[in-house]
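J.: Here is my input, please return the structure:
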Amino acid sequence: MANIDLHPVSQPPVAGSSPVGAKAPLGEPAKNGLADPAFGRLLTEMLSATNDLQIQADQQSRALLSGESRNVHETMIALEKANISFRFLNQVRNKAIEAYREITRMQM
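T.: Residues are numbered from 1 along each chain as shown. Next up is the predicted model:
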């Protein structure tokens, strides 16, 4: 059976309190003026995972073509996982660009 990590749900902050390490609410910039680094880490992890899936699919298809492997099903599954991951990452990129363009069009 798989291990499942359960994290406790934190209580909402009391008005006027600011716990250490608390993030700025949505719509408000962080106190240091920088964007939340978690989003950048998320994008980096997504890009790395997509790249890993692409490499794995490439290795499996090369093994299938060279005759080292005869497992067509696993190769096709690896290729489809890589394809879906790439298409998802591409849509995230498109939405981020669309949001950036929308922000630049806003009047101040």
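
J.: could you pull out the strands for the protein?
T.: The residue ranges that make up strands in the chain, judged by DSSP state E, are empty, as it has none.

J.: Any regions of it where pLDDT drops low?
T.: In the prediction, the chain carries residues with pLDDT under 70 at positions 1-35.

J.: just the helices in it please.
T.: Remark: helices assigned in the chain by DSSP state H are 37-66, 72-105.

J.: Can you name every helix or strand that the shortest one contacts?
T.: Right, helix 37-66. In terms of contacts (3 or more C-beta pairs under 8 Å, 6 or more residues apart in numbering; DSSP states H and E), helix 37-66 is packed against helix 72-105. C-beta here means a position set from N, CA and C on the backbone, and glycine is covered the same way.

J.: any idea of the angle the helix it packs on forms with helix 37-66?
T.: What separates the directions of helix 72-105 and helix 37-66 is an angle of 150 degrees, with axes from the mean of the first three to the mean of the last three C-alpha atoms, to 10 degrees.

J.: name the helices or strands packed onto helix 72-105?
T.: Using 3+ C-beta pairs under 8 Å, 6+ apart, the elements in contact with helix 72-105 are helix 37-66.

J.: coming back round to it: I'd like the helices of the chain laid out as JSON lines, including mean neighbour count.
T.: Below are the helices of the chain laid out as JSON lines (neighbours: other C-beta atoms under 10 Å):
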{"stretch": "helix 37-66", "mean neighbour count": "13"}
{"stretch": "helix 72-105", "mean neighbour count": "12"}
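
J.: who touches the residue nearest to S85 when sequence neighbours are not counted in this structure?
T.: Counting by C-beta to C-beta, 6 or more residues apart in numbering, S85 lies nearest to T50, which is 4.5 Å off, once chain neighbours are set aside. Applying C-beta atoms under 8 Å, 6 or more residues apart in numbering, we find T50 in contact with 82, 85-86, 88-89.
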